[in-house]
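Q: Sequence isn't available, so here's the structure alone:
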């Protein structure tokens with residue numbers, strides 16, 4: 001499969017393009033609104049073709065699929081444009097600005113018989129799969145989950161992640177991982193309650209923490225933020241033990257990882273050698289298309305994650321608990 005890359009975004013240059021090039025697939029073209037910039041990145045990364053507009057790349061007959069790492073508020077627009085050209089789309093998270101837009105986008109792509117998958121790469125890491133297996137098969141009744149992803153943005157007031165018109169904010173950028181990890185351990189919450197800060201006075205959350213509630217008193221706490229040092233982890237508390245996953249989301253291909261858990265007083269640690277979760281994501285996306293099956297991160301997963309994010313934003317704005325409108 002040959003990919004075209006929409007923009008010269010850092011995550012594409014440093015993570016996804018090298019992952020595609022290390023796989024059985026290829027990057028055939030890259031586009032930027034600045035033609036010189038596109039050519040410079042293409043030369044640096046060994047990409048054959050470059051374009052000074054996204055439209056020109058989409059018209060490239062050699063492309064089979066597009067990787068879309070544009071700002072959040074542009075994801076839906078350019079994913080639809082790719083679908084109009086019959087191109088499959090691997091789109092950075094969050095897929096859209098809200099759940100309703102996600103529903104409409106999946107419908108749009110289905111009508112054009114193209115696959116769209118939200119690029120939550122951590123789903124494809126073997127340790128993530130093992131953590132879910134331990135939670136569902138080794139632990140007893142789960143009572144609480146805590147998930148966090150924060151980092152210090154620093155003095156970057158012009159960062160696009162602080163732009164409300166581009167669907168910015170900490171919850172959308174990193175808190176979405178905490179929401180995803182929690183949901184994949186506990187399922188869909190009934191209600192949420194959230195509190196946020198806007199330390200940049202930008203009109204978006206620089207930190208948002210939320211309580212997710214489930215039947216029978218089960219709960220979860222999620223936090224995403226730009227204001228505190230790098231932390232990305234989740235913990236599971238059960239009636240007979242616990243599970244801890246440090247360095248849970250943003251990991252290097254050569255990074256060795258561990259997972260620890262306790263069941264009935266007996267502690268265990270398992271280790272995992274480095275793998276490129278971005279390459280595994282690319283392979284999973286391409287395999288789903290080639291085999292005609294639903295990708296691992298599918299419509300329900302993406303819409304329900306956005307539904308919780310929508311409810312958290314609404315709660316933070318209103319100061320009241322909000323129900324979740326999931327699929």
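A: Arrived safely, thanks for sending. Computed from a prediction, not measured in an experiment: that's the story for all the values here. Residues are numbered from 1 along each chain as shown.
Q: Is residue 125 in contact with residue 251, as I believe?
A: Yes. Under the criterion of Cβ atoms under 8 Å, residue 125 makes contact with residue 251 at 7.2 Å. All C-beta spots, glycine's among them, are computed from the backbone N, C-alpha and C.
Q: what's the distance between residue 168 and residue 218?
A: 31 Å (Cβ to Cβ, to the nearest Å).
Q: circling back: shared neighbours of residue 125 and residue 251, which are they?
A: 257, 277 (Cβ atoms under 8 Å, 6 or more residues apart in numbering).
Q: Neighbour count: residue 168 and residue 218, which is higher?
A: Legend: neighbour count by other Cβ atoms under 10 Å for residue 168 and residue 218, higher for residue 168 (24 against 17).
Q: Starting from residue 57, give me the distance back to that one.
A: 25 Å.
Q: ditto for residue 187
A: 39 Å.
Q: Give me the more crowded residue out of those two.
A: Between residue 187 and residue 57, counted using other Cβ under 10 Å, residue 57 has the larger neighbour count: 26 against 13.
Q: helices or strands up against the host helix or strand of that one?
A: Per DSSP states H and E: residue 57 is located in helix 54-58. Contact here means 3 or more Cβ pairs under 8 Å, 6 or more residues apart in numbering; DSSP states H and E; on that basis helix 54-58 packs against strand 2-6, strand 26-31, helix 75-84.
Q: tell me the average confidence for the shortest one?
A: In this case it means strand 2-6. Over the span of strand 2-6, the pLDDT mean works out to 98.
Q: which residues are in contact with whichever helix or strand comes after it?
A: The helix or strand immediately downstream of strand 2-6 is helix 10-11, counting by DSSP H and E. Here helix 10-11 makes contact (Cβ under 8 Å, 6+ apart) with 69, 92.
Q: how about a cut-off of 6 Å?
A: Helix 10-11 has contacts (Cβ atoms under 6 Å, 6 or more residues apart in numbering) with residue 69.
Q: Beyond that helix, next helix or strand please.
A: helix 17-22.
Q: Could you pull out the buried residues of that next one?
A: For helix 17-22, the buried set under the neighbour-count rule, 16 or more other Cβ atoms under 10 Å, comprises 17, 18, 19, 20, 21.
Q: Same question for stretch 109-125.
A: For stretch 109-125, the neighbour count (16+ other Cβ under 10 Å) marks 109, 114-125 as buried.
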